[in-house]
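> Take a look and give me a structure for this.
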Amino acid sequence: MAINTDHLRTQMKIIQGSFSSRDRRSVTNAIADMGQDFLASGGRKVIGGFFPVGDQITPLLLMQALFHRQIPLALPQRDDQGKLRFYSWWPGAKLHTPQGAIPQPLDCEEEVAPDYLLVPMLGFDQMGNRLGFGTDFYSQAIRSVRSRANTTIVGIGFAEQELGAILEDNAEGRLDWIITQNGLRGLTQ
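Purely as a prediction, here's the structure:
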């Protein structure tokens, strides 16, 4: 039986948008608390992430906590050929927002390969399949970092975004880990 991905996205956007700002703050704080020990363990590594769009859970609080632990951070920028590349970033650094895009590092001096990439999504399943937003932006980022480095992909979101299953053909970037308000867990692959 084929999954109607557009219908599923619509349903998941309704769920994602149904949380109050208080619930969002609570989930964001829980993700930051649980994620920072996991991501900071084992020495210095680069953590990549994205500025949130719309109702997405923000990774910025978690990234700020990691910055205070002296963990290097990165944000993506599209190059002249349209490919995403990650560049060093830190809270307070200057950003620019190209028309219709998310904020990107302004003065990109150092391209880096993230060891971990924090990725938003509309849904996920226990096999690590990710339901994205349908724009291919985050999926492209996942493909890009995995083609150049051994990057661990960490989904962040609400526990309520877990789905029974997403057909692999419809998966938009495989997740290795998920962090929700219910905890951190590795996903079976």
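
> Could you use CA atoms for every contact and neighbour count after this?
Will do.

> Mind jotting down where the strands sit in this structure?
Using DSSP state E, the strands of the chain run over 47-48, 73-78, 84-89, 95-96, 104-105, 111-112, 116-119, 123-124, 130-131, 152-156, 177-180, 183-186.

> what are the pairing partners of the first one, and which direction each?
It stands for strand 47-48. Using DSSP bridges, the strands paired with strand 47-48 are strand 73-78 (parallel), strand 116-119 (parallel).

> didn't L95 look like it was pressed against P105?
Yes - using Cα atoms under 8 Å, L95 is in contact with P105, at 4.6 Å.

> residue nearest the centroid of this protein?
V119 (1.2 Å; Cα atoms, centre = their mean).

> partners of that residue in the sheet?
In this structure, V119 has the following beta-bridge partners (DSSP bridges): G155.

> again with the one 5 residues further on
For F124, the beta-bridge partners under DSSP bridges are R130, E162.

> looking at the strands of the chain, which one has the lowest mean pLDDT?
If you rank the strands of the chain by mean pLDDT, strand 104-105 sits at the bottom with a mean of 75.

> Paired strands for that strand, with orientation please.
By DSSP bridges, strand 104-105 pairs with strand 95-96 (antiparallel).

> How far off centre is the strand it pairs with?
Using Cα atoms, centre = their mean, to the nearest Å, the mean C-alpha position of strand 95-96 is found 19 Å from that of the whole chain.

> one step back: of all the strands paired with strand 47-48, which one is nearest L62?
For these, proximity to L62 was assessed by Cα to Cα; strand 116-119 is nearest, at 9.6 Å.

> Alpha carbons only: can I get that closest one in PDB?
Output in PDB follows, covering the C-alpha atoms of strand 116-119 (Å, rounded to 0.1, in the frame of the first residue of the first chain):
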ATOM      1  CA  TYR A 116      27.000  15.500  13.900                       C
ATOM      2  CA  LEU A 117      24.100  17.200  12.000                       C
ATOM      3  CA  LEU A 118      21.000  18.300  13.900                       C
ATOM      4  CA  VAL A 119      18.100  18.000  11.500                       C
END
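
> Tell me where the longest helix sits in this protein.
As far as residue count goes, and with DSSP state H defining each element, the longest helix of the chain is helix 21-40.
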